[in-house]
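[1] can't give you the sequence, but here's the structure:
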């Protein structure tokens with residue numbers, strides 16, 4: 001593979017700095033209250049420099065979110081593929097998700113509170129891409145659950161409902177962990193959540 005030129009490396013580095021700065025600003029102030037000027041200041045670039053990379057605040061927001069979702073999906077996929085057992089796959093998925101939240105707190109703040117910042121009726125290809133990325137993450141869980149159903153490990157039912165339920169539980173735990181600024185590792189809750197998801201809270205029998 002041909003090594004990127006210095007100019008290309010500098011371009012990528014600047015773009016990455018802008019996206020990181022945007023993530024921090026959006027997480028702190030929200031999409032609507034943030035300005036391009038604030039993001040430029042956080043990145044320590046002139047406003048004109050930002051416009052060399054992104055046309056507007058909306059493109060910057062969606063690009064940042066899409067690339068984070070790509071990273072999240074590839075991380076979860078890698079972890080799921082480490083096991084052939086469905087229950088273990090779910091546990092690895094939950095652990096990987098919680099580790100990702102711990103390492104990307106600003107992203108999760110935006111994800112949990114700012115996902116629908118623009119009107120659903122707005123024609124926006126980047127917005128459509130973001131929605132597809134989110135559903136790919138849900139589908140990954142659904143595929144594991146479908147596999148468990150075929151093997152007779154999980155009850156027959158709607159795998160999308162199951163995966164949405166598991167995702168909702170993870171989101172609540174993540175949100176509370178961030179909101180309360182807890183010091184204990186979020187990942188340590190993975191076993192509890194998997195047991196709760198698989199067995200519920202009722203006594204057996």
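    That came in fine, so what should we check first? Just so it is clear, the model here is predicted, and its values are computed rather than measured.

[2] helices of the protein, start to end?
    Under the criterion DSSP state H, helices of the chain are mapped to 6-29, 36-43, 47-51, 57-80, 86-103, 105-113, 125-150, 159-179, 190-199.

[3] helices and strands around the fifth one, which ones?
    I take that to be helix 86-103. Judged by 3 or more Cβ pairs under 8 Å, 6 or more residues apart in numbering; DSSP states H and E, the packing partners of helix 86-103 are helix 57-80, helix 125-150, helix 159-179, helix 190-199. Any C-beta I mention is one placed from the backbone N, CA and C, and that applies to glycine too.

[4] can you tell me which of those helices is packed in deepest?
    helix 57-80 (a mean of 18; mean count of other Cβ atoms under 10 Å).

[5] that one - what's its average pLDDT?
    The average pLDDT for helix 57-80 rounds to 92.

[6] which secondary element of this structure has the worst mean pLDDT?
    The least trusted helix or strand in the chain, going by mean pLDDT, DSSP states H and E, turns out to be helix 105-113, with a mean of 84.

[7] specify the angle between that helix and helix 86-103 in degrees.
    110 degrees (axes from the mean of the first three to the mean of the last three Cα atoms, to 10 degrees).

[8] what about the residue nearest the centre of the chain, distance to residue 85?
    Closest residue to the average C-alpha location of the chain: residue 69 at 4.8 Å, with Cα atoms, centre = their mean. As for residue 69, its distance to residue 85 is 26 Å (criterion: Cβ to Cβ, to the nearest Å).

[9] returning to what we had before: how about residues contacting the least confident helix or strand of the chain?
    Outside helix 105-113, the residues that touch it by Cβ atoms under 8 Å, 6 or more residues apart in numbering are 23-24, 26-28, 30-31, 65, 68, 101, 171, 174-175, 178.

[10] then stretch 31-40?
    By Cβ under 8 Å, 6+ apart, stretch 31-40 touches 18, 21-22, 25-26, 29, 46-47, 49-51, 56-57, 60-61, 110, 114, 117-118.
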